[in-house]
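Enquirer: Have a look at this fold, sequence not included:
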């Protein structure tokens, strides 16, 4: 087990893939009895909002990816990478094809949404700067 940034890793492997923060997605365990919110997700794994102790077999757990409406997308297997009181990290070890497609689409859609938001914020800031420059210029001409 290695340590890094206050995380106790249960494996030497860490998630380095592009991670996004999905809104309202969950993973379901124990035949749907336990649903944990998704803090971030990538093609390689997921961070879950959890203070629950999930039983694992050889550090692996079988779960189901849920969409925003709690519909089951499909089954995954994941290995525990780290566990904190309010959060745990899991590396996917197996997933159904429909889950892979869902996560790919979710990651791309979330990235596009973040890029659009950043672009809109840049445009707003540029317009504010231009407006400020125009007002300064008019004030100088009035003097």
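Expert: Looks like it came in fine. This one's a predicted model, so the numbers in the text were calculated from it and none came from an experiment. Numbering: from 1, shown residues only.
Enquirer: Just to check, residue 37 is in contact with residue 46?
Expert: No. Contact criterion C-beta atoms under 8 Å: residue 37 and residue 46 do not qualify, at 10.3 Å. Every residue, glycine included, has its C-beta placed from N, CA and C.
Enquirer: you'd agree residue 29 is up against residue 66?
Expert: No. Using C-beta under 8 Å, residue 29 is not in contact with residue 66, being 10.7 Å away.
Enquirer: Neighbour count for residue 37 and residue 46, which is higher?
Expert: Set residue 37 next to residue 46 and count neighbours by other C-beta atoms under 10 Å: residue 46 wins out with 26 against 14.
Enquirer: so what's the more buried one bridging to?
Expert: On the basis of DSSP bridges, residue 46 is bridged to residue 41, residue 90.
Enquirer: doesn't residue 29 make contact with it?
Expert: No. Applying C-beta under 8 Å as the test, residue 46 and residue 29 come out as separate, 12.0 Å apart.
Enquirer: anything in contact with each of residue 29 and residue 66?
Expert: residue 35 (C-beta atoms under 8 Å, 6 or more residues apart in numbering).
Enquirer: List the contacts of stretch 42-50.
Expert: Contacts for stretch 42-50 (C-beta under 8 Å, 6+ apart): 15-20, 27, 36-41, 78, 81, 83, 86-92, 100, 103-104, 107.
Enquirer: Filter those residues down to just the ones in strands.
Expert: Of these, the ones assigned to strands by DSSP state E are 27, 36-41, 78, 81, 83, 87-92.
Enquirer: And these, which two are furthest apart?
Expert: The largest separation in the ones in strands among the contacts of stretch 42-50, counting by C-beta to C-beta, is between 37 and 91 at 18.3 Å.
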